[in-house]
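Asker: my questions concern the predicted model and sequence given below.
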Amino acid sequence: MLLDDALAGAALVSRFDGPIVDVGSGGGTPGIPLAASLPERAVTLLEAERRKCEFLERWTSDLPNLDVVWGRAEEQPLEQYGVAVAKALAAPPTAAEWCLPLVREGGAVILWVGPSAERDRVEQAAEQIAGTLADAPDGFLVIRKTGPTPPGYPRRTGVARKRPLA
């Protein structure tokens, strides 16, 4: 089920060019299945917990397009990726705030979400950080990056979770 769920987003990811970052990769989904199904695309697994990074690094010998970075989204260089993906990272408005600054203009954030995701809150958050909500199939939110990341974003580590934008 996890594999099918991860691969369900591959078609959405394929709509956007550039390298992919899986923010808060955890056990490696959706990033590892995306790296396997899109071998021509560079995929970075971004994970804040060192122990999880050690597990994820085992996959890099089998998938040459895969890289693992130990760190937090708020501390990464801005606008380096074409697509940021996240599944079970945080509440969708917070996940959007962490992911959108990593994506260059014209790219997108793709969030795997449940039926209770509040689209209006995600839309409010995205608008504050140069994004707009796009049409997406059930189970996903797609946020297009419409401009450069505004000054002041990303906010300091921990602020987005404590004081969400929406």
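Answerer: Sure, I can see it.

Asker: all helices of this protein, in order?
Answerer: Ranges of helices in the chain, per DSSP state H, are 2-7, 10-14, 31-37, 50-57, 92-99, 119-128, 159-162.

Asker: for the protein, longest strand please?
Answerer: With DSSP state E setting the assignment, residue counts place strand 103-112 as the longest strand in the chain.

Asker: show me what that strand is packed against.
Answerer: Helices and strands in packing contact with strand 103-112 are listed as strand 81-87, helix 92-99, strand 140-145; criterion 3 or more CB pairs under 8 Å, 6 or more residues apart in numbering; DSSP states H and E. The C-beta positions use only the backbone N, C-alpha and C, and glycine is treated the same way.

Asker: of all the helices of the chain, which lies closest to P137?
Answerer: Proximity to P137 (CB to CB) singles out helix 10-14 among the helices of the chain, at 7.7 Å.

Asker: output the closest one in CSV with nothing but the alpha carbons.
Answerer: Extracted as CSV, the C-alpha positions of helix 10-14 are listed here (Å, rounded to 0.1, in the frame of the first residue of the first chain):
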residue,chain,number,x,y,z
ALA,A,10,4.6,10.0,-9.8
ALA,A,11,2.4,11.4,-12.6
LEU,A,12,2.0,14.7,-10.8
VAL,A,13,5.7,15.0,-10.1
SER,A,14,6.4,14.3,-13.8
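
Asker: so where is the chain shaky, pLDDT-wise?
Answerer: 1-2, 166 (pLDDT under 70).

Asker: and the most far-flung residue of the chain relative to its centre, how far is that from V23?
Answerer: Among the C-alpha atoms of the chain, the one most distant from their mean position (CA atoms, centre = their mean) is that of S61, at 22.9 Å. Distance of S61 to V23, computed by CB to CB, to the nearest Å: 23 Å.

Asker: with R58 instead?
Answerer: When CB to CB is applied, the distance between R58 and V23 equals 20 Å.

Asker: who has more neighbours, these two?
Answerer: The residue with the greater number of neighbours, taking R58 and V23 and applying other CB atoms under 10 Å, is V23; the counts read 26 against 10.

Asker: just give the closest residue to P33, not the sequence neighbours.
Answerer: Leaving aside its chain neighbours, P33 sits nearest to A6 (3.9 Å; criterion: CB to CB, 6 or more residues apart in numbering).
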